[in-house]
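**Q** Just to be clear, the model below is a prediction. Sequence and coordinates:
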Amino acid sequence: MAGYMVYWPQDRVQELKRAKDNGPIKVVFGSIHARMPAITSVKVGDIVFPVALLKKKFCVMARLLVEHREPAYDYLVRELGNSCSALVPEGVDWKLYYDRPLLPHLAHQEPFNCCSKWAVWGGKGSAITPRELPDEVLPDLRFGYPKSKEKGLRFDEKGNVMTNCLTVTRRLSEETLGIFEALFEEG
């Protein structure tokens with residue numbers, strides 16, 4: 001089991017807040033764009049943590065245990081009745097699903113940009129709510145594999161996490177996975 005971090009931009013978090021989507025999280029999408037980075041490394045059994053920068057604070061938004069991995073198109077047609085913004089596989093008539101009404105679903109189950117390629121999903125997701133990590137912990141976070149290739153977050157001259165270091169899917173070190181998991185332990 002590996003842990004991965006994916007970035008949710010502020011407008012995505014605000015969209016979920018407006019929709020009153022507090023989860024539980026059911027799915028995370030990956031695309032071919034930095035705004036919703038690829039999740040090709042994520043496998044069944046892994047854990048995905050969407051993160052966001054809210055008022056310059058690093059927040060872990062949710063925890064999803066991956067029970068299934070499939071093309072976003074397949075997930076969206078089955079779960080929402082519409083392909084939304086998924087990349088349509090070759091040979092499929094996309095018009096069959098383009099104008100169909102959406103089935104009832106949570107806001108996070110719709111991709112937030114075009115060209116969704118993969119969906120990882122499961123039934124054991126957490127609530128979607130900001131869980132702020134203390135500033136003093138942030139320099140200790142490490143990402144990458146193997147250990148010899150781990151790197152930390154990047155910070156600007158004021159000590160704020162730089163967004164551009166979050167716009168790729170990053171594998172958590174064992175220690176960082178422990179820090180993230182502690183946010184979700186029952187108290």
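**A** Here it is on my side, so go on. None of the values given here were measured: they were computed from a predicted structure.

**Q** What strands line up against the lengthiest strand in the chain, and which way round?
**A** Selection of the longest strand in the chain by residue count, based on DSSP state E, yields strand 47-54. Sheet pairing of strand 47-54 (DSSP bridges) gives strand 3-7 (parallel), strand 57-60 (antiparallel), strand 64-65 (antiparallel).

**Q** isn't residue 169 right next to residue 3, touching?
**A** No. Between residue 169 and residue 3 there is no contact under C-beta atoms under 8 Å: 11.1 Å. For glycine as for every other residue, the C-beta is placed from the backbone atoms N, C-alpha and C.

**Q** would you turn the strands paired with strand 47-54 into a markdown table with mean pLDDT?
**A** Listed next are the strands paired with strand 47-54 as a markdown table, based on pLDDT from 0 to 100:
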| stretch | mean pLDDT |
| --- | --- |
| strand 3-7 | 97 |
| strand 57-60 | 98 |
| strand 64-65 | 98 |
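
**Q** for this structure, what helix or strand is lowest in average pLDDT?
**A** Ranking every helix and strand in the chain by mean pLDDT, DSSP states H and E puts helix 95-98 at the bottom, with a mean of 62.

**Q** Quick check: what element follows that helix along the chain?
**A** Next along the chain after helix 95-98, taking DSSP states H and E as the criterion, comes strand 116-121.

**Q** what does that following strand rub up against?
**A** Applying C-beta atoms under 8 Å, 6 or more residues apart in numbering, the set of residues contacting strand 116-121 from outside is 26-32, 36, 38-40, 42, 46, 48, 64, 66-76, 84-87.

**Q** Any regions of the chain where pLDDT drops low?
**A** Confidence mapping of the chain against pLDDT under 70 gives the ranges 83, 93-100, 186-187.

**Q** mind listing the helices for it?
**A** 10-18, 72-80, 95-98, 174-182 (DSSP state H).

**Q** closest one to residue 129 among those?
**A** Each of those was checked against residue 129 via C-beta to C-beta, and the shortest separation belongs to helix 10-18, namely 9.7 Å.

**Q** From the chain's centroid, how far away is that closest one?
**A** The gap between where helix 10-18 is centred and where its chain is centred comes out at 13 Å by C-alpha atoms, centre = their mean, to the nearest Å.

**Q** Which neighbouring elements make contact with that helix?
**A** Contact analysis of helix 10-18 by 3 or more C-beta pairs under 8 Å, 6 or more residues apart in numbering; DSSP states H and E lists strand 47-54 as its packing neighbours.
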